[in-house]
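Q: Below is the sequence, then the predicted model.
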Amino acid sequence: VGVNISAYHLQQADFLPNLEKTLAAYPTVRSDCLELEVVETAALEGITRISSLIEGCQALGVGFSLDDFGTGYSSLTYLRRLPANVLKIDQSFVRDMLWDSGDLAIVEGIIGLAAAFRRAVIAEGVETAEHGELLLRLGCDLAQGYGIARPMPAGELPAWIATWRPPSAWSGAHNMAARREELPLTYAEVDHRNWLKSLESFLSATKRPPPETEAGACRFGEWHLGDEGRRYEHLPEFEAVGALHGATHEIAREIVAFAQAGNARMAQSRLEDLRTRHDALISSLHALSAAIANNNRR
């Protein structure tokens, strides 16, 4: 069980003795079943004292996690000095990482920091199966959020644990963790989701400029046509994803042309075709990622 601890609580001189007394009152409960959570900004207010307090909690067997990580001003020095067991990625970055490459870069960076400092990492705000799948591919396999379960009374928890099954897309995603040279595929997926949102925004308010429709101008197009991508041109999935990518951009050009000619009805009708082709492209990118991972393991 995780318990949120405020900066006010941490400032109390008797915090640690009270925690020890409370644990002693429940001798049948293992202390490592309790984890205290403090937001990153509170932990930085008095780092020397907080570090000592965290070590005292850990000596009792109680874990400690830094909540809302990434929203404060912590440096690598602070992270090294704070002996927290777990970093929890703030949900504001996780929520939009499916279509915001900036948030994706922050999430990827925090996962890398956690690995470098030998800390566990948990992603907050996992709302959908797609969020969980992308996190697994980035190397984060602990998460919380409505995509797993909504809050429930304690009495309902045992039955939920007995019956819950993860989405099927998660089963093999942790085996697809991208190496550095494969990350352009992950970013291509995010960029294309954002590209589709931009096109939809253009159609709803034509004063906005349309997104780039040339296939070779986006991040995936550059990767696919460049030296990095051509290393995998022997894979059938490479050719398949290239064809789908080109067809997706071709439909987008038609939509933009219809919209700029004032034919909103035709633009909207082709938008459904684009969404279907876009979903196929994302699935094809996943298949290519899996093929590359298998190829690299040989």
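A: Happy to help now that I have it.

Q: buried stuff in the lengthiest helix in the chain?
A: Identified as the longest helix of the chain according to DSSP state H is helix 264-297. The neighbour-count check on helix 264-297 (16 or more other Cβ atoms under 10 Å) flags 267, 270-271, 274, 277-278, 281-282, 284-286, 288-293 as buried. (Glycine included, C-beta is placed from N, CA and C.)

Q: ditto for stretch 131-143
A: 131-138, 140-141, 143.

Q: from these, which has minimum pLDDT?
A: Here the lowest pLDDT out of the buried residues of stretch 131-143 sits on Arg137, with 85.

Q: Please, which helix or strand holds Lys21?
A: Using DSSP states H and E, Lys21 sits within helix 15-24.

Q: Repeat that for Val121.
A: Element membership for Val121, per DSSP H and E: strand 120-123.

Q: Please apply the same query to Glu37.
A: Counting by DSSP H and E, Glu37 is part of strand 35-39.

Q: Can you spell out which helices and strands pack onto that strand?
A: Other helices and strands packing on strand 35-39, by 3 or more Cβ pairs under 8 Å, 6 or more residues apart in numbering; DSSP states H and E, are strand 2-4, helix 7-10, strand 63-69.

Q: Quick check: buried residues in the first one?
A: Judged by neighbour count (16+ other Cβ under 10 Å), strand 2-4 contains no buried residues.

Q: what's it in contact with?
A: Identification of contacts with strand 2-4 by Cβ atoms under 8 Å, 6 or more residues apart in numbering yields 34-38, 65, 67.

Q: now do stretch 238-255
A: Residues outside stretch 238-255 that contact it (Cβ under 8 Å, 6+ apart) are 192, 199, 203, 211, 213-215, 218, 220-221, 224, 229, 232-233, 267, 270-271, 273-274, 277-278, 280-281, 284-285, 287-288, 291.

Q: Now that stretch: buried residues?
A: 238, 240-242, 244-245, 247-249, 251-252, 255.

Q: Out of those residues, the closest to Asn85 would be?
A: Val241 (39.7 Å; Cβ to Cβ).

Q: so what's the closest one closest to, chain neighbours aside?
A: Nearest residue to Val241, sequence neighbours excluded (Cβ to Cβ, 6 or more residues apart in numbering): Ser284, at 4.3 Å.

Q: Check Phe220 too.
A: Excluding the flanking residues, the one nearest Phe220 by Cβ to Cβ, 6+ apart is Ala188, at 3.3 Å.

Q: which residue ranges form the helices in this protein?
A: 7-10, 15-24, 40-43, 47-59, 76-81, 91-96, 101-116, 129-138, 157-163, 183-204, 219-225, 227-230, 236-260, 264-297.

Q: do you know which of those helices lies nearest Ile148?
A: Using Cβ to Cβ, these put helix 129-138 closest to Ile148, at 7.6 Å.

Q: now stretch 273-284: mean pLDDT?
A: Per-residue scores along stretch 273-284 average to 92.

Q: on that earlier part again, distance to Ala169 added to the helices of the chain, as JSON lines?
A: JSON lines is the format used below for the helices of the chain (distance: least, Cβ to Cβ, whole Å):
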{"stretch": "helix 7-10", "distance to Ala169": "39"}
{"stretch": "helix 15-24", "distance to Ala169": "40"}
{"stretch": "helix 40-43", "distance to Ala169": "31"}
{"stretch": "helix 47-59", "distance to Ala169": "36"}
{"stretch": "helix 76-81", "distance to Ala169": "32"}
{"stretch": "helix 91-96", "distance to Ala169": "17"}
{"stretch": "helix 101-116", "distance to Ala169": "18"}
{"stretch": "helix 129-138", "distance to Ala169": "5"}
{"stretch": "helix 157-163", "distance to Ala169": "19"}
{"stretch": "helix 183-204", "distance to Ala169": "13"}
{"stretch": "helix 219-225", "distance to Ala169": "20"}
{"stretch": "helix 227-230", "distance to Ala169": "24"}
{"stretch": "helix 236-260", "distance to Ala169": "17"}
{"stretch": "helix 264-297", "distance to Ala169": "8"}
